[in-house]
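Undergrad: I would like the atomic coordinates for the input below:
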Amino acid sequence: MRRRLITSTLAVVLVVIAVFGVSLVIVETRTIENSASEMVDSEAVRLLSIVENRLNDGEKVNKQALSQQIAPDRYALVEIHGEEPIEIGTRPTGKVIASTQKGDGETVTVEESRRRVSDEIGRTLLVILAVALLAVLAAVALAVRQARRLGSPLTDLAETAERLGSGDPRPRHRRYGVPELDRIADVLDSSAERIARMLTAERRLAADASHQLRTPLTALSMRLEEIVATADDQETVKEEATIALGQVERLTDVVQRLLTNARDPRTGSAVDFDVDDVIKQQVEEWRPAYRNEGRNIITAGTRGLRAVGTPGAVAQVLATLMENGLMHGAGTVCLSTRVTGNQAVVEVTDEGHGVPPELGSRVFERTVSGRNSTGIGLAVARDLAEADGGRLELLQQRPPVFALFLAREGEE
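TA: Numbering: from 1, shown residues only. The predicted model follows:
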């Protein structure tokens, strides 16, 4: 592209020089020739006037008297009736410019060699050629500058596009002072930002999926262990298998919800549900794990509460809180329910040391963790709660009290 820009600019300049240069040469040549001819005519008229004046004054006209009246590089011939012709200067050879002026019995002829005119035309041509050469050099310099000005941004934009294709979506925010190129840069930066958001959403989906699937899978594995441990009791096996199937269904619901949120986070499936049923289901799932740790789960508070939300999402939020209490808490875990205003509240607390003071205000941020955990569980739980119009709060750090606020039926 740079070579094409330089070539095209140089071609335009050469065409302009050819058109205007030839015209200028013709005009200047004619101007110099006309000027020389007019000067010779003027010289002849002036010399004739001098001769006539001297004759009228009765003075003698001779070569000595006229030799100072004509330029050294010219030749003059003065012819007076009845006298010998008078020659002044050296008669030029070759082509000449001549002018003959006649008076009353006097004739004056002035000649000048065309070589002087040719020399002047040659000097003029050299000046024109020098100016043309300077114009060509200036055009080349300008073409190179323009080629760099346009070529470098295009190379830079190509590198930006290649970076986008290689998975580096960082916008560069570079502008080049050329409206068309700046427009392309704007589009590439916008595309980079969209790609970055898409990649962030994909990574977040993967992280959320891995975390949300881990919790029900952990509960499911514990339930299957219970089945193995009670294989001699058919009724218990049947009951445990039924519970395990329910966990598998909830796991399927979690996967479906993740995929739905990935397509459109605003999509929801809120319904009116019984809060006690969700709490009971979670207690049954997590009791074996707590029992293995020598700990207990209890429930308290207002019974028969109904709320509006997605039961699967609420169950996932409570599962996250109970898993968090199992991993980081101590003693008995209590799930209590109450009503505040137009909201149903489910509080989860334990007897552990709670949330460290330095993490209290950041406990729901992603990657923030007090121990060797992923640091996204509480963040995902808050997102799930907010997707149904609720919210998840840390009401107290020591002992820890997490509260899930849900809209009540008819109170949205």
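
Undergrad: what's near enough to touch E43?
TA: Residues in contact with E43 (Cβ atoms under 8 Å, 6 or more residues apart in numbering) are 70-71, 74, 76, 99, 110. Quick note: C-beta positions are derived from backbone N, CA and C, even for glycine.

Undergrad: Now it: phi and psi?
TA: Dihedral pair for E43: phi -60, psi -40, per degrees, to the nearest 10.

Undergrad: Sketch out the helices for the stretch 101-250 of the chain, chain order is fine.
TA: Assigned by DSSP state H, counting those that start in this stretch, the stretch 101-250 of the chain shows helices spanning 114-165, 179-229, 234-263.

Undergrad: likewise the stretch 301-412 of the chain?
TA: Using DSSP H, counting those that start in this stretch, helices in the stretch 301-412 of the chain cover 311-328, 377-387.

Undergrad: Convert the shortest one to PDB, retaining C-alpha atoms only.
TA: As requested, C-alpha coordinates have been extracted for helix 377-387 and formatted as PDB (Å, rounded to 0.1, in the frame of the first residue of the first chain):
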ATOM      1  CA  GLY A 377     -20.000 -19.600  46.700                       C
ATOM      2  CA  LEU A 378     -21.600 -16.700  48.600                       C
ATOM      3  CA  ALA A 379     -21.300 -14.500  45.500                       C
ATOM      4  CA  VAL A 380     -23.200 -17.000  43.400                       C
ATOM      5  CA  ALA A 381     -25.800 -17.400  46.200                       C
ATOM      6  CA  ARG A 382     -26.400 -13.700  46.300                       C
ATOM      7  CA  ASP A 383     -26.800 -13.600  42.500                       C
ATOM      8  CA  LEU A 384     -29.400 -16.400  42.700                       C
ATOM      9  CA  ALA A 385     -31.300 -14.600  45.400                       C
ATOM     10  CA  GLU A 386     -31.300 -11.300  43.500                       C
ATOM     11  CA  ALA A 387     -32.400 -13.000  40.300                       C
END
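
Undergrad: how about that helix: buried residues?
TA: Neighbour-count burial for helix 377-387, with 16 or more other Cβ atoms under 10 Å as criterion, is recorded at 377-385, 387.

Undergrad: Distance from the chain centre to it, please.
TA: 34 Å (Cα atoms, centre = their mean, to the nearest Å).

Undergrad: for the record, mean pLDDT for it?
TA: Mean pLDDT, computed over helix 377-387, is 84.

Undergrad: angle of it against helix 311-328?
TA: Angle of helix 377-387 versus helix 311-328, following axes from the mean of the first three to the mean of the last three Cα atoms, to 10 degrees, is 160 degrees.

Undergrad: packing partners for helix 377-387?
TA: Of the remaining helices and strands, those touching helix 377-387 by 3 or more Cβ pairs under 8 Å, 6 or more residues apart in numbering; DSSP states H and E are helix 179-229, helix 311-328, strand 391-396, strand 401-408.

Undergrad: Each with direction, which strands does the shortest one pair with?
TA: In the sheet, strand 391-396 lines up against strand 401-408 (antiparallel) (DSSP bridges).

Undergrad: so how far is whichever helix or strand G21 is part of from its chain's centroid?
TA: Element membership of G21 [criterion: DSSP states H and E] is helix 2-56. Here helix 2-56 is found 56 Å from its chain centre; the criterion is Cα atoms, centre = their mean.

Undergrad: so after it, what's the next helix or strand?
TA: helix 63-66.

Undergrad: so what's G352 up against?
TA: 325, 328-331, 399-400.

Undergrad: Pull out the buried residues from those.
TA: Neighbour counting by 16+ other Cβ under 10 Å classes 325, 328-329, 399-400 among the contacts of G352 as buried.

Undergrad: Show me the two of those that sit farthest apart.
TA: Longest distance between any two of those is 11.7 Å, between H328 and P399; criterion Cβ to Cβ.

Undergrad: Just give me the least confident of the buried ones among the contacts of G352.
TA: H328 (87).

Undergrad: ok, now how distant is that residue from M322?
TA: With distances taken as Cβ to Cβ, to the nearest Å, H328 is found 11 Å from M322.

Undergrad: Kindly report the same for G377.
TA: Using Cβ to Cβ, we find G377 at a distance of 11 Å from M322.

Undergrad: do D383 as well
TA: 18 Å.

Undergrad: just R194 next, same as before
TA: Distance, R194 to M322, using Cβ to Cβ: 38 Å.

Undergrad: give me the number of residues near the closest residue to R3 other than its chain neighbours?
TA: Beyond its immediate neighbours in the sequence, the residue positioned closest to R3 (Cβ to Cβ, 6 or more residues apart in numbering) is A147, lying 8.0 Å away. Neighbours of A147 under the rule other Cβ atoms under 10 Å: 18.
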